[in-house]
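Q: Just to be clear, the model below is a prediction. Sequence and coordinates:
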Amino acid sequence: MLDTLGRLFVAAVLAGTPLLLGAIGEILTERAGNLNLGVEGMMFMGAISGLAGSYTYEQAVLAGGGTPSGVVSALVALVCSLAAGMLGALVYSFLTISLRANQNVTGLTLTIFGTGFGNFFGEYIGQNAGGYVAVSSVTKDAFSGLDIPVLSDLPVVGPLLFQYNWLVYLALALALAMGWFFARSRLGLNLWAVGEDPAAADAVGINVTRYKYAATIIGGGICGIGGMYMSMVTTSGVWVHNCVSGYGWLAVALVIFATWRPLRGIFVALIFGGLTIMRMYITIPGLPVQIYEMLPYVATILVLVVTSMRSSREHAQPKSCGLNYFREER
């Protein structure tokens, strides 16, 4: 039993990492007052861009007679996915901040565009590659679990905490850094003020437009990295049609469950990650597999209901979230 729980915990961490990346990216965005429902689309853009960047690097090196480096390939994937997510968020920012388009409609449009973008180029590159696109074993090894001297060899604790791939630790570091940023830094407090009352923030000299653009674009880049995790880790460096598969929408729900706090997002992502893969470790005789697949979404509905019933100012959404700021009306 303990062995099963241990393996479930490890799997939950791995499955929850892309959810955590998508959630903290959206938390940063919503803290600036922008409700970007395009997380799914940005994750798709990051997924195909990271995989395509790594694959293109490998092919270029092989064509030149060299040997690809797993570290360089992983960095190329990281940069490409970050840039793709930021590009999607930049389009969203321009439309909603500069042109003052409706945030809900723009976010949904970004999701539709990003999903099509990822699936189209995934199939296109795959056809040109001979049927499907996949990175080499060198790159796959770069995204496998780390072997940290001494720590990885510790009994019980080692496998539970110190044998994950580097993206897991990057996600945790980003969540911790963002928690400190909001609570301790002046820029974080300014961003908090922009999300709560942009007119008041503007009145004391805070550049609302700059903060909104920066937070939204960086948040989109983090979502893009979450998408790259799906294509490089979850599907082992092979493009799978619709590989993001609703994780972006779950990430949006996790933002509410985490009450817009990155540190709580760590635990929430772990819970939902466990729900997504629980069917592989805990089986109930006679229970259809479809019921297991429904659990994350059922939990999402319950969370939304409970959160709405127990709303408080401390745990509420930023006041200006979803509302465009018109300086002329200040």
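A: Sure thing, it's come through.

Q: now Leu287, what's its secondary structure?
A: Classification of Leu287 by DSSP: H, G, I helix; E, B strand; the rest coil places it in coil.

Q: please renumber so the chain begins at 10
A: In the new numbering, first residue 10, that becomes Leu296.

Q: Tell me who's in contact with it.
A: By Cβ atoms under 8 Å, 6 or more residues apart in numbering, the contact set of Leu296 is empty. For glycine as for every other residue, the C-beta is placed from the backbone atoms N, C-alpha and C.

Q: can we see that at 10 Å?
A: Arg288 (Cβ atoms under 10 Å, 6 or more residues apart in numbering).

Q: now swap in Val264 and tell me
A: 31-40, 44, 48, 270-271, 274, 277, 326, 330.

Q: how does it look with 8 Å?
A: Counting by Cβ under 8 Å, 6+ apart, Val264 has contacts 32, 35-36, 39, 274.

Q: Among these, which one sits closest to Val217?
A: Glu39 (15.0 Å; Cβ to Cβ).

Q: mind listing what's buried in the strand or helix carrying that closest one?
A: Using DSSP states H and E, Glu39 sits within helix 11-40. The neighbour-count check on helix 11-40 (16 or more other Cβ atoms under 10 Å) flags 17-40 as buried.

Q: which of the contacts of Val264 lies closest to Thr243?
A: Among the contacts of Val264, and counting by Cβ to Cβ, the member closest to Thr243 is Ala32, at 16.4 Å.

Q: nearest residue to that closest one other than its sequence neighbours?
A: Nearest non-adjacent residue to Ala32, counting by Cβ to Cβ, 6 or more residues apart in numbering: Leu263, 4.1 Å away.

Q: which residues does that neighbour contact?
A: Going by Cβ under 8 Å, 6+ apart, the list of residues near Leu263 reads 28-29, 31-32, 274, 277-278, 281.

Q: How much space separates it from Ile33?
A: 9 Å (Cβ to Cβ, to the nearest Å).

Q: ok, Ile106 to Gly94 distance?
A: 17 Å.

Q: ok, those two, which is more surrounded?
A: Neighbour count, other Cβ atoms under 10 Å: between Ile106 and Gly94, Gly94 has more, with 37 against 21.

Q: where's that one, which helix or strand?
A: Per DSSP H and E: helix 79-102 holds Gly94.

Q: List the buried residues in the helix or strand of the chain with the lowest mean pLDDT.
A: When each helix and strand of the chain is scored by mean pLDDT, DSSP states H and E, helix 298-318 comes last, with a mean of 79. Residues of helix 298-318 classed as buried by neighbour count (16+ other Cβ under 10 Å): 301, 305, 308-309, 312, 316.

Q: and of those, the nearest to Leu170?
A: After measuring these against Leu170 - Cβ to Cβ - the closest member comes out as Pro305, at 24.0 Å.

Q: Quick check: that closest one vs Val247, distance?
A: From Pro305 over to Val247 (counting by Cβ to Cβ), the distance is 23 Å.

Q: what does stretch 207-221 rub up against?
A: Here stretch 207-221 has contacts from 41-43, 102, 106-107, 199-200, 202-203, 329, 334, 336, 338-339, using Cβ under 8 Å, 6+ apart.
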